[in-house]
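[1] sequence and predicted structure below; questions after.
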Amino acid sequence: MLVQAERQVARSLEAELTGDGFTLDQWRVLDLLADGEGHPMSEIAAALVVPGPTLTKIIDKLVDSAVVYRLVDVRDRRRVLGFLSDHGYAVHERLAPRVDRAESDALATLGTDAPLLVELLTRLAAATSLADGRLSTRD
């Protein structure tokens, strides 16, 4: 059921993004980087739950679109950080209300149960990330 729900919500979100030429994974990168902090590639990959090579392709397309850029971390030169460009912030600002509306519409179908679902999914995501991304049914 989680997969079915995720696919339905993803389709709604993608519908808001594809007209602007972005995928849901690309949006998730933009949204993560919108805090202005700069994030290492490993952190972005973990947040998106994608392998490194897949993230590289996502980031490469965003760099080619001039919405993201990479810099070597001055504190640890082995790490590369991702940042939004000025154009990336403008794109994020333009798309965020549409994505928020699509998410709100999806949650509205649950009525007063929506906050409970968000809490439970947050707990599930935290538990599975602690288990290195694998859901354990033994506990």
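    Nice, thanks for sending it over. Just so it is clear, the model here is predicted, and its values are computed rather than measured.

[2] show me the contacts for the residue nearest the centre of the chain.
    The chain has residue 28 as the residue nearest its centroid, 2.4 Å off, counting by Cα atoms, centre = their mean. The contact partners of residue 28, by Cβ atoms under 8 Å, 6 or more residues apart in numbering, come to 47-48. The C-beta positions use only the backbone N, C-alpha and C, and glycine is treated the same way.

[3] cool, residue 12 as well?
    Residue 12 touches 102, 105-106, counting by Cβ under 8 Å, 6+ apart.

[4] give me the contacts around the helix or strand harbouring residue 83.
    Using DSSP states H and E, residue 83 maps to strand 80-84. Strand 80-84 has contacts (Cβ under 8 Å, 6+ apart) with 29-30, 33-34, 36, 38-41, 44, 59, 67-73, 92.

[5] are any of the residues you listed buried, and which?
    Among the contacts of strand 80-84, those buried by neighbour count (16 or more other Cβ atoms under 10 Å) are 29-30, 33, 38-39, 41, 44, 59, 67-69, 92.

[6] in CSV: these, plus distance to residue 127, pLDDT and secondary structure.
    As requested, the buried ones among the contacts of strand 80-84 are arranged in CSV below (distance: Cβ to Cβ, whole Å; pLDDT from 0 to 100; DSSP: H, G, I helix; E, B strand; the rest coil):
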residue, distance to residue 127, pLDDT, secondary structure
29, 24, 97, helix
30, 27, 97, helix
33, 26, 97, helix
38, 28, 94, coil
39, 23, 96, strand
41, 25, 95, helix
44, 21, 96, helix
59, 28, 97, helix
67, 33, 98, coil
68, 30, 98, strand
69, 34, 97, strand
92, 29, 97, helix
